[in-house]
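Asks: Fold the stuff below for me.
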Amino acid sequence: MNKKIFIDHPIPDRGFKLLQAKGYEVVMDSKDHIRGTDDVSADMKGKNYDALLTLLSDKIDAKLFDAAGPQLKIVANYAVGYDNIDIIEAKRRGIMVTNTPDVLNESVAEHTFALMLSIAHRIVEADKFMRAGKFQGWMPKLLLGTDLSHKILGVVGLGRIGQRVVENGARGFNMSVIYHDIKRNEDFEKEFNAVYKDKIEDLLKEADFISLHVPLLPSTKHLIDANRLNLMKNTAYLINTSRGPVIDEKALVEALEAQKIKGAALDVFENEPEMAKGLSELDNVIVTPHIASATEETRQKMSETAAKNIIAALEGKTPPNLL
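Replies: Okay, here's the model as predicted:
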């Protein structure tokens, strides 16, 4: 009997074609919209799927596993993060869970710097200014921004993406680098002349640009809260391309309104797709809709990686990205 795979959202075709080439029966939802657990569960119930390829926005828990039935062998998450999946429940049932690491490091690091440059140089404000017909000619103090070069870059979380952001900052903009992580990396410090900060509070006090690259865990929820926002310089910028709940968004709005910090640039939000009240009305913040990895190249690689994880599992092998 052919193996059956359910893909709960349209994905780039590279992974889909890999699965089809294996002779699997592949069913992919054709609707490009966010689906809830109940929707995915209903689609899987009684269908005896062997694998599920799912999105970060889908909550995968005991309810869904019950609906899927005992034949389900693997849940392949189309993302690096996996806070949407009940890993403990999956392990209890003997269901493998995989993710798509490494392939999106460059794209997310690039988007991080796109946000950093845009908020510092007031690109979005300037675009609106031009479109509104307000530009009357060059003036010395029109829309003054901030240079990145030779500023202090503070990176919270020195994983693969965090390291790439440091490389961009140090080599591309001659930024001084400080970082905070649960583990110190002395080799990396030597290569980029980076300084380790044992306490995140010390990093927040010193950095001109703070970029967040931590996973969402109980210990990182509201890692940046009102108290820590108050530690930042009033000339500092906060950039988040990790997970929304890492920042207390309500406290961030208050800090931005009071100009306790210079600005923020966010690709992720605490209660996606909603934003905290007042956030969208502020000029000193840039918001993008969780698109840091949204390049043609990266999303195709993610599709391929997720498919290869499924193929390995269904062939009785260990998936390359087993969690």
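Asks: Pull out the buried positions in the lowest-mean-pLDDT helix or strand in the chain.
Replies: Confidence across the helices and strands of the chain bottoms out at helix 37-44, with a mean of 82, counting by mean pLDDT, DSSP states H and E. Applying a neighbour-count criterion of 16 or more other Cβ atoms under 10 Å, the buried positions in helix 37-44 are 40-41, 43-44. The C-beta positions use only the backbone N, C-alpha and C, and glycine is treated the same way.
Asks: and what of stretch 133-142?
Replies: Neighbour counts using 16+ other Cβ under 10 Å place no residue of stretch 133-142 among the buried ones.
Asks: sorry, back to before: which one of the buried residues of helix 37-44 sits closest to Q136?
Replies: Closest approach to Q136 among the buried residues of helix 37-44 (Cβ to Cβ): V40, at 54.1 Å.
Asks: Show the contacting residues for that closest one.
Replies: 8, 52, 54, 58, 60, 64 (Cβ atoms under 8 Å, 6 or more residues apart in numbering).
Asks: what's the most distant pair in the buried residues of helix 37-44?
Replies: Across those, no pair lies farther apart than S41 and D43, at 7.3 Å, counting by Cβ to Cβ.
Asks: P289: which of the buried residues of helix 37-44 is nearest?
Replies: When the buried residues of helix 37-44 are compared against P289 (criterion: Cβ to Cβ), the nearest one is V40, at 21.5 Å.
Asks: what about the closest residue to N48 other than its chain neighbours, neighbour count?
Replies: Taking Cβ to Cβ, 6 or more residues apart in numbering, and ignoring the residues beside it in sequence, N48 has Q71 as its nearest neighbour in space, at 4.8 Å. Q71 is flanked by 12 other residues according to other Cβ atoms under 10 Å.
Asks: State the distance from the nearest residue to E186 once chain neighbours are set aside to N174.
Replies: Nearest residue to E186 in three dimensions, chain neighbours excluded: Y196, at 7.9 Å (Cβ to Cβ, 6+ apart). Shown here: Y196 relative to N174, a distance of 20 Å by Cβ to Cβ, to the nearest Å.
Asks: Between the two, which is the more surrounded one?
Replies: Set Y196 next to N174 and count neighbours by other Cβ under 10 Å: Y196 wins out with 18 against 11.
Asks: pretty sure that one is in contact with E189, am I right?
Replies: Yes - between Y196 and E189 a contact is recorded at 6.2 Å, counting by Cβ atoms under 8 Å.
Asks: so can I have CSV of the contacts of V40 showing secondary structure, neighbour count and pLDDT?
Replies: Below are these laid out as CSV (DSSP: H, G, I helix; E, B strand; the rest coil; neighbours: other Cβ atoms under 10 Å; pLDDT from 0 to 100):
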residue, secondary structure, neighbour count, pLDDT
D8, coil, 23, 88
L52, strand, 26, 96
T54, strand, 25, 93
D58, coil, 22, 87
I60, strand, 26, 93
L64, helix, 25, 92
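Asks: What is the longest helix out of those in the chain packed up against?
Replies: Taking DSSP state H as the criterion, the chain has its longest helix at helix 296-314. In terms of contacts (3 or more Cβ pairs under 8 Å, 6 or more residues apart in numbering; DSSP states H and E), helix 296-314 is packed against helix 13-21, strand 51-54, strand 74-77, strand 96-98, helix 105-120.
Asks: let's see it at 10 Å
Replies: strand 4-7, helix 13-21, strand 51-54, strand 74-77, strand 96-98, helix 105-120 (3 or more Cβ pairs under 10 Å, 6 or more residues apart in numbering; DSSP states H and E).
Asks: which other helices and strands contact the first one?
Replies: This means strand 4-7. In terms of contacts (3+ Cβ pairs under 10 Å, 6+ apart), strand 4-7 is packed against helix 13-21, strand 25-28, helix 37-44, strand 51-54, strand 74-77, helix 296-314.
Asks: among the ones you listed, where is the model least confident on average?
Replies: Averaged per stretch, pLDDT over the helices and strands packed on strand 4-7 is lowest on helix 37-44, reaching a mean of 82.
Asks: Distance from the chain centre to that helix, please.
Replies: 25 Å (Cα atoms, centre = their mean, to the nearest Å).
Asks: Please apply the same query to stretch 166-180.
Replies: Going by Cα atoms, centre = their mean, where stretch 166-180 is centred and where its chain is centred differ by 20 Å.
Asks: which residues touch the most centrally placed residue in the chain?
Replies: Ranked by distance to the mean C-alpha position of the chain (Cα atoms, centre = their mean), the top residue is S242 at 3.9 Å. Neighbouring residues of S242 by Cβ atoms under 10 Å, 6 or more residues apart in numbering: 80-81, 108, 112, 156-157, 159, 161-162, 211-216, 220, 223, 267-268, 292.
Asks: quick one, what contacts the residue nearest to it when sequence neighbours are not counted?
Replies: Sequence neighbours aside, L212 is the residue nearest to S242 in space, at 4.8 Å (criterion: Cβ to Cβ, 6+ apart). The contact partners of L212, by Cβ under 10 Å, 6+ apart, come to 112, 154-157, 162, 165, 220, 223-224, 238-243, 246-247, 266, 268.
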